[in-house]
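Participant: No sequence on hand, only this structure:
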Ligand SMILES: CCc1ccc([C@H](C)CC(=O)N[C@@H]2O[C@H](CO)[C@@H](O)[C@H](O)[C@H]2O)cc1
């Protein structure tokens, strides 16, 4: 019987107040007459959780009844950040919550600070997954997210004496009100062992006899849509020892070992790999990948079989989205289930696989693609290796028919890479097995077709598409910039833009309107003050909010060229120092903010962090400079810090060497908040330029097509003296630690150095910086560019991205819960 009323939990402020007090007493178990901020946060969170669960149930029942085709978004990483404020906004109960809390003497903003980030991911790929979930829910698509419930999220970055130190992120320490443990939803996951044969009704079948089994238990995280009742599910798996374990050890009376084995099982989902660069071929990482793949597929097949018996219908009801190659083992797992367990014949099974999977890659360079050593795979997953060999055998046979003895092509395209160490190329497996392959920006998809996956594009041009990334305006405007949100709604005369983001284009006509400009600057000033207070609290550095806040926040990578940014700051400092006092009056004050984590084993990246600190130390304590220039490193950059930094930034930098950033998504968050971009023509920035026009941002540097020849000619490149000077200052210890920075300087100088063309782009970078300075003093022009940036940001919403995936890749349609 379907409930036609709007749920039974009331959302008026009195009901919410009552709910909060009830949870204080009965959930948090504190006296309802005295409780602190954290307890109030817990009580409010549980009150909101109740409302999420109600909508989750309604959505689940309705979708189950309608049985539409669903998409399953498979990702080893989800960078969710905080949930309280986002849930309250999407449920549309913010005002009521604020009212209820003020009655109780609490402030929503203060309570929201009590929540730790769910940092179950590294960077771009992980946050994209989270933004996509928000849009899938808001657009009423029948969808699930599947991932891993790491006990330890991405490490906390602690800076000691300018050096990055990693601290464990035990985020579950005080429980997590945003998840529901589903003790009854658990599946056995097998590892190791051997493959035997058995005859069933005269037919031979393979059976995998495992050496080890662990239990996967589901933890559900309701994902509310904005302005809709639809609330979808992010199901994360945690590893638990399976009972079968104990019996064995107990029988042998070896109690200690029994306990140790139990703990061993839990380690599978214990920690997120903090590396977003290279694959170490670690067994635990492979175990994590298969663990979540096996549990997710068992859950997906169970749900399918609840209503269907014929697996031919599987691809009509199930779309499996591979978020990079990390979940690609599901291809071999689905083949194993269909052939070994459901006893379909190979071709039937292969047909189903080919119609169910779609694959997105976030990698630009061939070297970045995931490869798994055959030995490792063979010992942990013997049956899957067999299946991958079989898939590859049939694929290569097919290639031979088409390309005859073009062995170079065959060995490039083979899923199995021969050589001293044989590897399985997970990207090749994913492309061969998927009906659609896409990059995450137009230029990225072009590079895939012409370089990275050229052979495959020539073979299957119809498979290749592009889906430019996006970000959700719910978190990145409504949640993190309520002032701007209100202003936009006022000038558009509706808040419909929050669900229909193209309406933002309506701001264009007002971009030069002095009244809007004034209000726009006011809002931005309030956000800058908030950021300035945070900077002072974090670093002790007092910054002036009249200065231009120039920001670069993202993971530390050589290709993202944080070093180029630091070298230009040294240049700016050096220029000011050598200026006659009088000329200093013309200097446009800057506060330079750099933030981001370095993968623990990435030495060069860690040296860049130290360099920022020693340069900051020099500049910030130089009386000659005062407020003309400040440099601050923002520690422990994560989603909630981004929500503070983005609205308070005037200029944001996205300065990767052209051809190295697959897309970039932080640029889109800054764009939505009216922050101007200083960028190279790389990744999604090319589409941003297309949308808002070259004259509304600052572009510099070598273009994509110029890079290869510039690298070839690097030997006879005339290094600009300004560049040579700042590098020499670092190398000679002007900021101290000269020796420590030697390898860093070597990486950008001399032959074999400067692969990322810092020297080549330095002068045009300085010109772009000067253009930004010049524009900043013309506040009307700057504000107009800021408004036009936000007005053109609608295209970069994940609502557009998800709409394209749904239509062109997944073939799903909305299923709106009444
Ligand atoms: C070593 C394991 C590993 C390797 C790569 C990765 C990710 C693919 C790295 C990543 O986050 N890439 C970024 O993905 C974003 C979302 O598509 C893009 O916007 C960025 O350009 C891309 O660098 C995670 C973990």
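Facilitator: Here it is on my side, so go on. Computed from a predicted model, the values in this text were never measured in an experiment. Numbering: from 1, shown residues only.
Participant: I'd like the average pLDDT over stretch 366-384.
Facilitator: Over the span of stretch 366-384, the pLDDT mean works out to 95.
Participant: so what's the backbone phi/psi at residue 231?
Facilitator: Per-residue torsions, residue 231: phi -140, psi 110 (degrees, to the nearest 10).
Participant: That one: how many residues sit nearby?
Facilitator: With neighbours defined by other CB atoms under 10 Å, the count for residue 231 comes to 24. Where C-beta positions appear, they are placed from N, C-alpha and C, glycine not excepted.
Participant: ok, it - contacts?
Facilitator: 52, 55, 56, 58, 59, 137, 222, 223, 224, 225 (CB atoms under 8 Å, 6 or more residues apart in numbering).
Participant: What residues does this structure have near the ligand?
Facilitator: Among all residues of the chain, those adjacent to the ligand (criterion: CB under 6 Å from any ligand atom) are 122-125, 128, 275-279, 324, 362-363, 440, 469, 661-665, 683.
Participant: Tell me how far the residue nearest to residue 735 when sequence neighbours are not counted lies from residue 80.
Facilitator: Leaving aside its sequence neighbours, residue 735 sits nearest to residue 614 (CB to CB, 6 or more residues apart in numbering; 4.1 Å). Here residue 614 is placed at a distance of 35 Å from residue 80 (CB to CB, to the nearest Å).
Participant: Among the residues of the chain next to the ligand, the buried ones, what's the ChimeraX command?
Facilitator: The buried residues among the residues of the chain next to the ligand can be selected in ChimeraX (16 or more other CB atoms under 10 Å) with this line:
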select :122,123,124,125,128,276,277,279,324,362,363,440,469,661,662,663,664,665,683
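Participant: Helices - which of the residues of the chain next to the ligand land there?
Facilitator: When these are checked against helices using DSSP state H, the ones located there are 124, 125, 128.
Participant: And stretch 551-558, how far out from the chain middle?
Facilitator: If you compare the mean C-alpha spot of stretch 551-558 with that of the full chain, they lie 14 Å apart, counting by CA atoms, centre = their mean, to the nearest Å.
Participant: Which residues does that stretch contact?
Facilitator: Contacts of stretch 551-558 (CB under 8 Å, 6+ apart): 122-124, 276-277, 560, 562, 565, 592-599, 602, 604-606, 608-609, 634, 637, 641-642, 645, 649, 651-655, 664, 666, 670, 675, 747, 755-756.
Participant: In the stretch 501-650 of the chain, what residue comes closest to the ligand?
Facilitator: Closest contact between the stretch 501-650 of the chain and the ligand, by CB to the nearest ligand atom, is at residue 555 (7.6 Å).
Participant: Just give me the neighbour total for that residue.
Facilitator: Residue 555: 19 surrounding residues under other CB under 10 Å.
Participant: Per-residue pLDDT of it, please?
Facilitator: 98.
Participant: Over to it. Which of the three states is it?
Facilitator: In the three-state summary, residue 555 is assigned as coil, counting by DSSP: H, G, I helix; E, B strand; the rest coil.
Participant: which parts of stretch 314-323 are buried?
Facilitator: Burial within stretch 314-323, assessed by neighbour count using 16+ other CB under 10 Å, is assigned to 314, 315, 317, 318, 319, 320, 321, 322, 323.
Participant: can you redo the ones in helices among the residues of the chain next to the ligand as CSV with pLDDT?
Facilitator: Below are these laid out as CSV (pLDDT from 0 to 100):
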residue, pLDDT
124, 98
125, 98
128, 98
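Participant: Most distant residue from the centre of this protein?
Facilitator: Going by CA atoms, centre = their mean, the residue of the chain most distant from its centre is residue 202, 49.7 Å out.
Participant: now it: how far from residue 567?
Facilitator: Using CB to CB, which is the criterion applied here, residue 202 is 73 Å from residue 567.
Participant: With residue 312 instead?
Facilitator: For residue 312, the distance to residue 567 (CB to CB) stands at 60 Å.
Participant: Among those two, which residue is more densely surrounded?
Facilitator: Comparing residue 312 with residue 567 by neighbour count (other CB under 10 Å), the higher total belongs to residue 567, at 26 against 12.
Participant: Once you drop chain neighbours, what's closest to that one?
Facilitator: Of all residues not flanking residue 567 in the chain, residue 726 sits nearest, at 4.7 Å (CB to CB, 6+ apart).
Participant: I'd guessed that neighbour sits against residue 572; true?
Facilitator: No. Residue 726 is not in contact with residue 572 according to CB atoms under 8 Å; the separation is 9.8 Å.
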